[in-house]
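S.K.: got a sequence here, can you model it:
(2 chains)
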Amino acid sequence: MRQLLQLITALTALLGVATARAAEPIKLGCVAALSGAGADIGTRLREGAELAIAAASEIGGRPVELLVRDSKSDPSVAQQQAASLMSDGVSGLLCSSLSSESAALSAAARAGRLSVPDVLSSAIADEITGKNCNAWTFRTVPTATTIAHAVERFVGGQPGISAGGFYVLGSDYLYGRSSGRAFKEIPGIKIVGESYAPIDTSDWTPYLNKVSQSGATGLWLPVALGSPYVQLMIAANAMQLLHHVTVMAPTGLPQEIIDQLGEAAVGAVEPASAVMMTEPASIPVAEAYRARFGRAPSEGVLQSYVAASIMLQALAAAKDTSPQSVRDALESGAFSTIVGEVRFRTGDQQALAPLWSARIAKLPAPVAGSAFAFVSAWKYAPEDVMPPLEQTGCVPR
Amino acid sequence: MQEAALAIVSGLLYGCTLMLVATGLTLIFGVGRVVNFAHGTLYALGAFLGASIHAVAGLLAACLVAPALVAAMAVGLDVLIIRRLRRHGDMAVLLFTFGLGIVIDALITGIWGARSYVVPVPDALAGGVHVFGGQVSVYSIVLAVCSLAVTGLLVAALHRTRIGLYLRAAAENPAMAEIAGIDVDRAFTAVLAVGSAFAAFAGVLELPMIGASNGMDLTVTVLVFIIVIVGGLGSLAGAAIASLLVGVILTLGATYASSAAYLLLFAAVIGMLLIRPFGLIISRSE
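M.R.: Below you'll find the model as predicted:
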């Protein structure tokens, strides 16, 4: 009898340990710019990841926990935070915000200092999956060169935009320069001027006057997302520049700016968008976001939602939650998302997913409370606009 | 030539905006001897408060209420904390304002979230004026006029009123002022309130030009400290001239050197300080 009791006790204890283990949360890391100049975009990326994780609730009976760290819009801090999250046992990373931060993380991964899968959903600089390509970095948004290819197709069909030529006005850091360089290399694009402003510029008047004086009819705008971008668009609207110049925004425009600009924003172009709030599959997510956060989501939110959905599916498919298993699942999987099925290209691990060229328009019915938003002008298959692997600069290790 | 003229006009307008923030900081240092590292965040706080007030009561109400709220906060902080810290030396106050800036920044993110708030230009002030082949917005001209008027009023109040006389006396020789019956502590509190209100007022006035967004204080903080140092610590006239100079140098830099605009500014500041180490105008209380 005593032996039977001991056996029952031991089994109960074992069951308890197993149950506790099963309920232990799966940890995902979120290194986002939550302060500094990139706080706007970083917060959106965090919110998108939170929304996706809340919708999934659990994987294999285990809850998913998002460990959020502030990169302070600083690449070196982003590296430290990612390393710290790796020590905390995260299975994967999300939310990386600025190109400079993402490039720092991908460089660290390529150098072997970071060995945890990172699904990027915001940064577009070529280098990240180009010369820095590595086994751990995956990206769901198009590169600067892919965007340039989409521009080439878009402008080819809209000669009015390029009649007076383009002015390139960017932020003077990795993203701005990378995007500006890729844009200038597009065949048939006439450049009538080019300026790169310090990343924390708040007075855009002299730059906008140069745009105005150049006679440009198109404005290529690789400006850092966050307060400088907001300030630039407000100033451009106040100077009535938007009436005669078509803004081409490589990474879209924050939805609150579109809401505020209203009619003045109509016609602005995003040449290669990775996700559209106004597409049928995205609308329920946009409404869920609005229910939770009280406003319409910017593109960054939905991009991060897609990246987090992919990460969660990879976690579910992986044989365990170790970074290596999750990475393998990301590399070999096909993921069902609001933008359709997404796979990652072998080599540079760029997402093979549809892209849209979009224009801001007045919506027939508001989406998530917004009357104006980007709507699809054209939809591209990835192979239509992505550069072949051998042209990306990626030499897989 | 036209391009340079346009850049100078734009720079002067931008300088007038900076003047409002720099005047507040100069006043606080000149009279209270407080190096207020939180000044930039008070500017941002004014902008965020202004955006919220604007949403319910309009821009005019925002211009009045937001600076008043920030001034009231400054009074509370001075009475409860800064006044006591001042007895432990300037370094204690300096460190406190540094920490205060971080706390206010976190409060802004906590209350308003990391998102941007946009306020439209009032219809009556919309549009632009064509000058030298370019354009400056009507609102930026109005903003510059407001800034000059308010700064002018402050200077007049300091030099032509009894209260101004008391404040200047407290700044030049606090001990003697005490003996003469001036409540020096109260004078410093008043100065901190007015200086903080100036920063907040600048934040509200700039709302239709740049909105309210996280990190908006970073550039302004650096620029106004440059202005205060170049102008001569504690000199209102120096700060006003330096504001205009900084605005013009930055705008000329943006026009002709693009991303090297700040490089040009810093080179000019270093050159100026080599020639005049104490700034453009030495404050009498120095």
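
S.K.: what is the mean pLDDT for stretch A:261-277?
M.R.: Stretch A:261-277 comes out with an average pLDDT of 86.

S.K.: same check on stretch B:192-204?
M.R.: In the prediction, stretch B:192-204 has an average pLDDT of 95.

S.K.: pull the CA atoms of it into CSV?
M.R.: C-alpha atoms of stretch B:192-204 as CSV (Å, rounded to 0.1, in the frame of the first residue of the first chain):
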residue,chain,number,x,y,z
LEU,B,192,11.3,79.5,-14.2
ALA,B,193,7.5,79.7,-14.8
VAL,B,194,7.8,82.3,-17.6
GLY,B,195,10.8,80.6,-19.2
SER,B,196,9.0,77.2,-19.2
ALA,B,197,5.8,78.9,-20.6
PHE,B,198,7.9,80.3,-23.4
ALA,B,199,9.1,76.8,-24.4
ALA,B,200,5.6,75.4,-24.2
PHE,B,201,4.2,78.4,-26.2
ALA,B,202,6.8,77.7,-28.9
GLY,B,203,5.7,74.1,-29.0
VAL,B,204,2.0,75.0,-29.5
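
S.K.: hmm, it touching chain A?
M.R.: No. Using Cβ under 8 Å from any Cβ of the partner chain, no contact is recorded between stretch B:192-204 and chain A, whose separation bottoms out at 11.8 Å. Bear in mind the C-beta positions are built from the backbone N, C-alpha and C, glycine included.

S.K.: just how off-centre is that stretch within its chain?
M.R.: Remark: stretch B:192-204 is offset 7 Å from the chain centroid, using Cα atoms, centre = their mean, to the nearest Å.

S.K.: next: stretch B:269-276.
M.R.: 22 Å.

S.K.: for it, list every residue counted as buried.
M.R.: Buried positions in stretch B:269-276, judged by neighbour count with 16 or more other Cβ atoms under 10 Å in any protein chain shown: B:Val269, B:Met272.

S.K.: residues in contact with it?
M.R.: Under the criterion Cβ atoms under 8 Å, 6 or more residues apart in numbering or on different chains, residues B:Ile226, B:Ile229, B:Val230, B:Gly279, B:Leu280 lie in contact with stretch B:269-276.

S.K.: which elements pack onto the helix or strand where A:Ala104 lies?
M.R.: Element membership for A:Ala104, per DSSP states H and E: helix A:99-110. If you count contacts as 3 or more Cβ pairs under 8 Å, 6 or more residues apart in numbering or on different chains; DSSP states H and E, helix A:99-110 packs onto helix A:75-87, strand A:118-120, strand A:137-139, helix A:174-184.

S.K.: which parts of the stretch 101-250 of chain B are helices?
M.R.: B:138-160, B:162-172, B:174-179, B:184-205, B:207-210, B:216-231, B:236-257 (DSSP state H, counting those that start in this stretch).

S.K.: what ranges do the helices span in the stretch 151-300 of chain A?
M.R.: Using DSSP H, counting those that start in this stretch, helices in the stretch 151-300 of chain A cover A:174-184, A:205-214, A:227-238, A:255-261, A:283-293, A:299-317.

S.K.: gap between the shortest one and the chain center?
M.R.: When you say that, I think you mean helix A:255-261. That offset, for helix A:255-261, works out to 19 Å (Cα atoms, centre = their mean).

S.K.: which other helices and strands does that helix contact?
M.R.: helix A:227-238, strand A:370-380.

S.K.: which among those is found nearest to A:Glu185?
M.R.: strand A:370-380 (18.8 Å; Cβ to Cβ).

S.K.: pretty sure A:Lys319 sits in a strand.
M.R.: No. Counting by DSSP: H, G, I helix; E, B strand; the rest coil, A:Lys319 is not part of a strand but coil.

S.K.: wait, it touches A:Arg327, no?
M.R.: No. Using Cβ atoms under 8 Å, A:Lys319 is not in contact with A:Arg327, being 11.8 Å away.

S.K.: which of these two has more residues huddled nearby?
M.R.: A:Arg327 (23 against 10; other Cβ atoms under 10 Å in any protein chain shown).

S.K.: and the pLDDT at the more buried one?
M.R.: 96.

S.K.: my guess is B:Glu180 contacts B:Ala169, does it?
M.R.: Wrong residue type there; residue B:180 is Ala, not Glu. Yes. Between B:Ala180 and B:Ala169 a contact is recorded at 6.8 Å, counting by Cβ under 8 Å.

S.K.: of those two, which one has the most company?
M.R.: Shown here are B:Ala180 and B:Ala169; by other Cβ under 10 Å, B:Ala169 has more neighbours (19 against 12).

S.K.: look up how far B:Asp183 lies from the closest residue in space to that one that isn't next to it in sequence.
M.R.: Once flanking residues are discounted, B:Ala169 sits nearest to B:Ala177: 4.4 Å by Cβ to Cβ, 6 or more residues apart in numbering or on different chains. According to Cβ to Cβ, to the nearest Å, B:Ala177 and B:Asp183 sit 9 Å apart.

S.K.: go on, A:Gln349?
M.R.: With Cβ to Cβ as the criterion, A:Gln349 and B:Asp183 are 69 Å apart.

S.K.: the two: which has the busier surroundings?
M.R.: A:Gln349 (26 against 13).

S.K.: and the closest residue to that one other than its chain neighbours, bridged to which residues?
M.R.: Distances taken as Cβ to Cβ, 6+ apart put A:Phe138 closest to A:Gln349, at 4.6 Å, once the chain neighbours are dropped. Counting by DSSP bridges, A:Phe138 forms beta bridges with A:Val119.

S.K.: residue contacts, A:Phe138?
M.R.: Taking Cβ under 8 Å, 6+ apart, one finds A:Pro117, A:Asp118, A:Val119, A:Leu120, A:Ile310, A:Leu330, A:Phe344, A:Gln349, A:Ala351 in contact with A:Phe138.
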